[in-house]
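A.B. asks: I would like the atomic coordinates for the input below:
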Amino acid sequence: LGLGNTCFIRPELFPGDIVEYPRNKYFSHFGVYYGERDGVPYVAHLTCRDSDTKLLLYGRALRSEVKLDPLELLGKKYKVNNMLDDTHPPRDFHGVVKPAIEDMMGREVTFDILFHNSEHQATLFRYGVKKSEQIDEIYEYIMPAWKKLFKEKQL
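C.D. replies: Numbering: from 1, shown residues only. This next block holds a predicted model:
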């Protein structure tokens, strides 16, 4: 590899790894690496069927589902983020995670930015625990604004 070449080194992925796609300063999208199909790497992720405007207005979308998509379809920039490995043992991919993903595919799921987002879904698959560190970090900033909207019956 020449030092003058600009190249982006892809992280090594193992089935069951949580893949994080940074979206903006505050949020990332998450999926679980599923493995390859016909030489193409795939990620299982929670995605919304509803329009993004409804999601932005209310923080929830009633019609969401777990889908399998090619890894790079979700973004060229991504990293492995198995954030709970220190505190929660990852579940067996072939015995538990893969069947759970296949069971969820096509089912309608309620997406909720605070309680069931793509990070919650990814940690639920890998660890059997729903957790969203990005929401934990910004929760204290969101809640006062949302409480005001609730009081004014706008949310």
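A.B. asks: what residue is smack in the middle of the protein?
C.D. replies: residue 30 (2.3 Å; C-alpha atoms, centre = their mean).
A.B. asks: who does that residue form a beta bridge with?
C.D. replies: Beta bridges link residue 30 to residue 20 when assigned by DSSP bridges.
A.B. asks: what sits against it?
C.D. replies: Residues in contact with residue 30, defined by C-beta atoms under 8 Å, 6 or more residues apart in numbering, are 18-21, 45, 81, 117-119, 121-122. C-beta: built from backbone N, CA, C; applies to glycine.
A.B. asks: neighbour-wise, which of the residues you listed leads?
C.D. replies: residue 122 (29 neighbours; other C-beta atoms under 10 Å).
A.B. asks: against residue 87, how distant is that residue?
C.D. replies: 16 Å (C-beta to C-beta, to the nearest Å).
A.B. asks: just residue 41 next, same as before
C.D. replies: Counting by C-beta to C-beta, the gap from residue 41 to residue 87 is 27 Å.
A.B. asks: where along this protein do the helices fall?
C.D. replies: 52-58, 98-104, 118-127, 133-151 (DSSP state H).
A.B. asks: quick check: the residue nearest to the centre of the chain vs residue 66, distance?
C.D. replies: To residue 66, residue 30 is 12 Å away according to C-beta to C-beta.
A.B. asks: quick check: neighbours shared by these two?
C.D. replies: 45, 121.
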